[in-house]
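Asker: this one's sequence-less:
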């Protein structure tokens with residue numbers, strides 16, 4: 001009787017172990033697929049935990065900050081960004097830990113120079129509806145910002161040119177009236 005019971009337990013353990021190994025293999029496959037997708041994107045994608053430390057980053061982080069993944073994972077946002085930049089981000093980070101999705105634009109330094117970024121911070125809630133971390137998506141909008149500045153400058157030059165043209169037209173009309 002005891003031998004049958006042991007055999008049954010061993011079979012159950014073997015089945016559960018096989019199922020667990022299959023689940024782990026599927027999970028590793030999904031993680032590799034997610035890594036492949038996120039690493040191919042030009043945006044910075046990350047997950048930051050309740051201690052404000054990076055738990056996930058994509059390849060773009062490594063490029064922007066000239067550090068490999070192992071040098072960034074586990075580091076705090078404060079450590080990676082530095083005091084000055086972190087102070088600008090801290091109110092937004094506080095908001096996301098209060099449960100709000102936050103969208104912001106800011107300028108940040110990187111190993112490639114200064115970048116204007118558009119960031120969305122999305123809270124990750126636990127079962128008690130408390131933010132246990134957040135997902136971050138940051139895109140480089142430096143080129144769009146530069147184009148906008150150029151457009152505004154061109155519009156201002158055009159306004160000045162139009163004003164000068166009107167002034168010249170008025171003077172020309174005045175001279176024509178005086179000459180006649």
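Answerer: Yep, it's here. Here the structure is a predicted model, which is why all the values come from computation and not from measurement. Numbering: from 1, shown residues only.
Asker: for residue 22, give me its contacts.
Answerer: The contact partners of residue 22, by C-beta atoms under 8 Å, 6 or more residues apart in numbering, come to none. To be clear about C-beta, it is placed using only N, CA and C from the backbone, and glycine gets the same treatment.
Asker: where in this structure is pLDDT low?
Answerer: 111-112, 145-147, 173-180 (pLDDT under 70).
Asker: please, where are all the helices along it?
Answerer: Remark: helices of the chain, listed N- to C-terminal, are 2-40, 59-65, 69-72, 77-81, 83-97, 142-179; assignment by DSSP state H.
Asker: can you say which of the ones you listed is nearest to residue 135?
Answerer: In terms of C-beta to C-beta, the element of the helices of the chain nearest to residue 135 is helix 83-97, at 9.3 Å.
Asker: what residues of that closest one count as buried?
Answerer: By neighbour count on 16 or more other C-beta atoms under 10 Å, the buried set for helix 83-97 is 85, 86, 89, 92, 93, 95, 96, 97.
Asker: which one of those sits closest to residue 122?
Answerer: Ranking those by separation from residue 122, with C-beta to C-beta as the measure, puts residue 96 on top at 7.4 Å.
Asker: make sure residue 115 is actually in contact with residue 142.
Answerer: Yes - counting by C-beta atoms under 8 Å, residue 115 sits close enough to residue 142 to count as a contact (5.2 Å).
Asker: looking at those two, which one has more neighbours?
Answerer: Looking at residue 115 and residue 142 with other C-beta atoms under 10 Å, you find the greater number of neighbours at residue 115, namely 19 against 15.
Asker: who does the more buried one bridge with?
Answerer: Per DSSP bridges, residues listed as beta-bridge partners of residue 115: residue 108.
Asker: nearest spatial neighbour of residue 53, skipping sequence neighbours?
Answerer: residue 76 (5.1 Å; C-beta to C-beta, 6 or more residues apart in numbering).
Asker: contacting residues around that neighbour?
Answerer: By C-beta under 8 Å, 6+ apart, the residues touching residue 76 are 51, 52, 53, 54.
Asker: how about residue 82?
Answerer: If you count contacts by C-beta under 8 Å, 6+ apart, residue 82 has them with residue 109.
Asker: next one: phi and psi at it?
Answerer: When read as degrees, to the nearest 10, the backbone of residue 82 gives phi 90, psi 160.
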